[in-house]
Every structure is written in C-alpha cells, then in structure tokens.
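> Need coordinates for the below:
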Amino acid sequence: MSSAQAAETTYPLTLKNCGRDVTFTHAPERTVSIGQSTTEILYLLGLSDKVVGTAVWIGPVIKGYEEANAKIDRLADNDPSFESVLAKKPDLVTVQFQWHVGPEGIVAKPQQFEELKIPVYTSPADCTGKDNTGGGDGVRHSVFTMDLIYQEVTELAQIFNVQDRGEKLVADLKAREEAARKKIASADGKLSAVFWFSSAELDIDPYVAGKNGAPGYIMSALGIKNVIDSEEEWPTVGWETIVKSQPTLVVAGKMDRRRFPADDIVVKEKFLKEDPVTSLMPAVKQGRIVEMDAQAMNPTIRTIDGIEVLADAVVHLGLSK
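Numbers count the residues shown, from 1 in each chain. Predicted coordinates for the structure are as follows:
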C-alpha cells in the first residue's frame, strides 16, 4: 500500500505558490478559507476541524459536509473584510481567487498577512498561466487542466501533513473523470456548446466561457467544441453571435448567488425561451439546455462534477451516438 507510506511533512516546509515562497513552520490549526472550492478541498481532506472561518460562497456546500460546515463561522457570503479574517486569529489563510487576496486584492494583499506572520496559500488554478493584474476575472493565457486542482489538493495535504488523504482524493477524482469520458466517447467531435455563467443585466451581452477556463477543460475532456474563441475567462459575447454559431447545447449556470438577476437559473431558462433572438436557437427549441452547478464552471474540485453532468446530459438527450 503506497498510500499508507506517504511521506511525512518535515517542517519548516517552503512551497513556491503563485510566484512567492510561502513557509509553514507547523501544520496549521486555525485556517480562514476565502473561496468555496478551497474550503471544500479542506473538508474532503478531513480538515474541517482546522477551519475557523470561511467566505465567498457561490452555492450550497458539497454534499455530506453540511453539518461540518454549519459549525464554522461564515465571515461573508461574498467578500470578507481584512479585519474579520484577522479576528479569527488564523495561522493560515487559503485563497481561491487573487481577486480577493493578491497583488490587487480587494480584501488584502498577501504581504499584509505575512507582516503578521500569517502565511497565505493561493489556489494554483487562479495564477498559473493566468494574469490577474487587470483585476476582475483575469485573462488565462494557458489552458486550465485539472492538474492544477490536483496540485492544490497535494500541496494542502502536504501543508497539513495528511499526504495519504491527498493521494486518495486525487486518485478518486481521476477515476471519475475517466469514467465520464468513456460514457460518451463515440460523440467525440460531433457536438458543440456554450456555457452561460450569468449576465450583469438581462438585456446586455452575457458572461460566457472562454476557451482556457474550466468549461474549456470540461468540453475538451468530452470532445465537445466551445463556440466561444476567447482567452478571457468570462468574456461578454452578444446573443446574435452565439445564435449564429449554432451550439448543440446551452449549459446554464445554477447558483445561490444573487448578485445579478440572471444568477437565477429560472430567469436564465425563461429568457432563453422567450427572447426573440435566443428562442431561435435549435438548442433552445429542442430543449437542449443543461443546468450545471456554477461551482463546476470555475476551476474547482467540482469541475469533475461538471464533466459528469455534461456527459450524462449528452446520453440523456440521445446525442452520444
């Protein structure tokens, strides 16, 4: 059993993280996790008892962790204040998006925590091959792959000295992805899709998935063409352009967040069916709208769920032949 013999962490441990050297003198006991995906990775590694505060939630916690999550202080559904994070006396701050804690972070810059001897660990998926200096969702110059999430799982397992749990979690996720790919292997190259995350207003261009983010990975894993050709993570593209590209499937993001009216999946589906432009799409006319948890559309632990949901939808709609 190789996993039973996973190497113990020797402290101090120094990791290269998002271009910075981060040093851990001991396994953290009090973590504040800013970002749902990173929080869920900690839970899946059996570390919920080491988490003292969370923030930035898009939807319900991953199934099976409702009770553990309910015991932990939620500092904010969206952006926590720097003071609220410090008030939890963390010995580690984990971050999903540099937009929150990063060079232009709206919560803080990493140095502000480091001056107080609090290490900051950022999800590699948000900085590797991605430029966040312009703020917002950033521009991804190289294609996201699940390897960046596996790196995060492995490094967090190392920081907390639970390497065997990290190895098992990565193996499970890889097996699930492989099973989903096999399910619709025969459809390779015949289908196309557009991923609609949300829209700031219903009567303006929607935020749809560019080619280099998590939806790009989901589509390429299943041999489905992305009709949007952009390096931006979530470019805004006009519905006329999308309709002309005739996607086989419209994948619509489902979330609890209500920053914009179109965050609501019911509003999205009503718009697609009633708008004079979008209602002309064969995908809409033929009921090929796929609901997907918005967390799966971000580079997260849930991206594997997204691959499974889309593969199942393709089979269910009879498109896998």
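
> any idea how far the residue sitting furthest away from the middle of the chain is from Tyr207?
Here the chain reaches farthest from its C-alpha mean at Pro276, the gap being 32.1 Å by C-alpha atoms, centre = their mean. From Pro276 across to Tyr207, the span is 21 Å (C-beta to C-beta, to the nearest Å). Bear in mind the C-beta positions are built from the backbone N, C-alpha and C, glycine included.

> Kindly report the same for Arg74.
25 Å.

> more neighbours, those two?
Tyr207 (21 against 14; other C-beta atoms under 10 Å).

> For the more buried one, list each beta-bridge partner.
Note on Tyr207: beta-bridge partners by DSSP bridges are Ser198, Thr236.

> Do a quick rundown of the strands in the stretch 201-321 of the chain.
207-208, 224-226, 249-254, 289-293 (DSSP state E, counting those that start in this stretch).

> Turn those into JSON lines, columns for distance to Thr300 and mean pLDDT.
Shown next, in JSON lines, are the strands of the stretch 201-321 of the chain (distance: least, C-beta to C-beta, whole Å; pLDDT from 0 to 100):
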{"stretch": "strand 207-208", "distance to Thr300": "17", "mean pLDDT": "97"}
{"stretch": "strand 224-226", "distance to Thr300": "18", "mean pLDDT": "96"}
{"stretch": "strand 249-254", "distance to Thr300": "13", "mean pLDDT": "97"}
{"stretch": "strand 289-293", "distance to Thr300": "10", "mean pLDDT": "97"}
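
> so Lys50 touches Leu42, yeah?
Yes. Here Lys50 reaches Leu42: they are 7.1 Å apart, a contact under C-beta atoms under 8 Å.

> Which of these two has more residues huddled nearby?
Leu42 (25 against 18).

> just checking, that one touches Ile34?
No. Using C-beta under 8 Å, Leu42 is not in contact with Ile34; the gap is 11.8 Å.

> residues contacting Leu86?
Leu116 (C-beta atoms under 8 Å, 6 or more residues apart in numbering).

> His141 too?
Counting by C-beta under 8 Å, 6+ apart, His141 has contacts Gly129, Lys130, Asp131, Asn212, Glu231.

> And the pLDDT at Ser2?
Listed pLDDT for Ser2 reads 46.

> about what we covered before: in TSV, list the contacts of His141 along with neighbour count, distance to Phe82 and pLDDT.
TSV is the format used below for the contacts of His141 (neighbours: other C-beta atoms under 10 Å; distance: C-beta to C-beta, whole Å; pLDDT from 0 to 100):
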residue	neighbour count	distance to Phe82	pLDDT
Gly129	15	28	80
Lys130	23	24	80
Asp131	12	24	78
Asn212	22	31	91
Glu231	17	31	84
